[in-house]
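Colleague: here are the coordinates; sequence isn't available:
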C-alpha cells in the first residue's frame with residue numbers, strides 16, 4: 001500500500017471544496033439507497049486519490065488528475081472543467097449504442113483533451129476519471 005501524502009481530513013475538505021465550487025449536490029439525505037451507494041463509491045475513490053497525491057482540486061475548484069498507472073498512455077494532468085451545453089453536444093453523431101464513446105466524447109470536451117485519452121487510461125486512472133465525471137454529470 002502506498003503512503004498517503006495528504007491526511008483524510010484535508011482530503012475530505014478538498015472534496016467538499018470541489019463540490020461547492022462546482023455547485024454539486026452532495027446531500028445524501030436526498031438520495032435513495034442506490035444513489036447513496038454510487039455517491040459513496042465515487043467519493044471514496046476521489047478522496048483516496050487526493051490522499052495519494054494523484055488528484056488535486058485547483059484554484060478554480062476543478063479536479064486535476066494526473067494518471068500514474070504504468071499501463072496508462074497519457075501522463076499529463078487532466079483538468080475536469082465545469083460541463084457546458086457544448087459538452088453534452090459532443091456526443092452527437094456517435095452511433096446509437098456507442099455509450100462508452102459518447103461518455104468519453106463528453107469527458108474529452110469537459111477536459112479539453114481528445115476522447116482517446118480516456119481510452120488509453122488503465123485501472124485506477126480511468127476509474128478515478130469516471131468517478132469525477134459521474135459527480136459532475138449528476
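Modeller: Done, it's in. On a predicted model such as this, the values are computed, not experimentally measured, just so you know. Numbers count the residues shown, from 1 in each chain.
Colleague: how far out from the middle of the chain is stretch 127-138?
Modeller: Computed by C-alpha atoms, centre = their mean, to the nearest Å, the chain-centroid distance of stretch 127-138 equals 4 Å.
Colleague: for the longest helix along the chain, which helices and strands make contact with it?
Modeller: If each helix of the chain is counted by residues according to DSSP state H, the longest one is helix 33-52. Under the contact definition 3 or more C-beta pairs under 8 Å, 6 or more residues apart in numbering; DSSP states H and E, helix 33-52 sits against helix 8-21, strand 55-57, helix 123-137. No exception for glycine: its C-beta is placed from N, CA and C like everyone else's.
Colleague: helix or strand right after the shortest one?
Modeller: So the one you mean is strand 55-57. strand 63-65 (DSSP states H and E).
Colleague: distance check, residue 135 against residue 36.
Modeller: As judged by C-beta to C-beta, to the nearest Å, residue 135 and residue 36 stand 13 Å apart.
Colleague: picking that back up, what about the longest helix of the chain, distance to the chain center?
Modeller: 10 Å.
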